[in-house]
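Peer 1: this is a predicted model, with the sequence first.
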Amino acid sequence: MLVADVDEAAAARVADEIAGSGFSHRVEVSLAAEMLALVERAEVEWDGLDVMVNNAGVGVAATTPETDEADWDRLMDINLKGTFLGMKYAIPVLRDSGGGCVINISSVAAIVGVAERAAYSAAKGGILALTRAAAIDHIAEGVRINCICPGTVDTPWVRRITEGLPDPEAARAAMRARQPHGRLVSAEEIAAMAAYLASDEAGSIVGAAMIVDGGLTAR
Ligand SMILES: NC(=O)c1ccc[n+]([C@@H]2O[C@H](COP(=O)([O-])OP(=O)(O)OC[C@H]3O[C@@H](n4cnc5c(N)ncnc54)[C@H](O)[C@@H]3O)[C@@H](O)[C@H]2O)c1
């Protein structure tokens, strides 16, 4: 397993925890050469590739008129192009390894309107559409491609957003309230869905958007 992130220290911390030292890799997902090098390293070290998870993402809170062009470009580069590049380089290696799967991290913002998330929603919607298109293109080659659409997940991202607000606890309470199960989704619940999608039991799940949102989109 390789844990890759633009934040090298964070990747090393997670890799140490789950796989042991030496299993982290610094990557800027919007740069083709770096994504190619990441996939090549995995292929060489493990003599093939079984699973690629495209998870890196950034957000900006803004309506369409409020969104800076630079923010639009940055979100598209990291969220959508990063996922595209991960798939572009991983799919041939997964195929040549005898089959495997891709798991992209989209969002409920690809499915329902979320206030003040214009560029983010567009990028995550692009990930969902790309997932479906690529799933059809590559299933006959033994490469299963799906995405996960999380609701609000308790991660450093959400903690960063709420800490910057005048009343962080009220903001967290509002986030909990918009999910019918009354709490944030845990990172472990998203990881469990990824593990399921990567398993043989998910062999008939192809081009799907697996919603893990405590009922947010069921309202
Ligand atoms: N937290 C949520 O509520 C939520 C909901 C739906 C979807 N998501 C998605 O889940 C994914 C993970 O988000 P998170 O909540 O863990 O956020 P996070 O900010 O805690 O983690 C995102 C990670 O992506 C890395 N990253 C950012 N830009 C990068 C780049 N250019 N190249 C390589 N790595 C880069 C960051 O260093 C960070 O480690 C994202 O795609 C996000 O959009 C999160």
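Peer 2: Looks like it arrived, so ask away. This one's a predicted model, so the numbers in the text were calculated from it and none came from an experiment.

Peer 1: from residue 47, how far off is residue 146?
Peer 2: Distance, residue 146 to residue 47, by Cβ to Cβ, to the nearest Å: 25 Å. Backbone N, C-alpha and C define where each C-beta goes, glycine included.

Peer 1: buried residues, the helix or strand bottoming out on mean pLDDT in the chain. List them.
Peer 2: Here the helix or strand of the chain ranked lowest by mean pLDDT, DSSP states H and E is helix 156-163, holding a mean of 90. Using 16 or more other Cβ atoms under 10 Å as the test for burial, helix 156-163 gives 158, 161-162.

Peer 1: give me the residues contacting stretch 175-182.
Peer 2: 151-152, 158, 162, 183-185, 213-216, 218-219 (Cβ atoms under 8 Å, 6 or more residues apart in numbering).

Peer 1: buried only: go through these for me.
Peer 2: 151-152, 158, 162, 184-185, 213-214, 216.

Peer 1: give me phi/psi at residue 185?
Peer 2: Here is the backbone geometry of residue 185 (degrees, to the nearest 10): phi -70, psi 140.

Peer 1: I should have written residue 46 there, sorry.
Peer 2: phi -110, psi 10.

Peer 1: now it: how far from residue 93?
Peer 2: In terms of Cβ to Cβ, residue 46 sits 10 Å off from residue 93.

Peer 1: circling back to that earlier point, out of the contacts of stretch 175-182, which are close to the ligand?
Peer 2: 152, 158 (Cβ under 6 Å from any ligand atom).

Peer 1: which member of the contacts of stretch 175-182 is positioned nearest the ligand?
Peer 2: Of all the contacts of stretch 175-182, the ligand sits closest to residue 152, with 4.2 Å by Cβ to the nearest ligand atom.

Peer 1: now name the helix or strand holding the closest residue to the closest one other than its chain neighbours.
Peer 2: Counting by Cβ to Cβ, 6 or more residues apart in numbering, residue 152 lies nearest to residue 175, which is 4.9 Å off, once chain neighbours are set aside. Taking DSSP states H and E as the criterion, residue 175 maps to helix 168-177.
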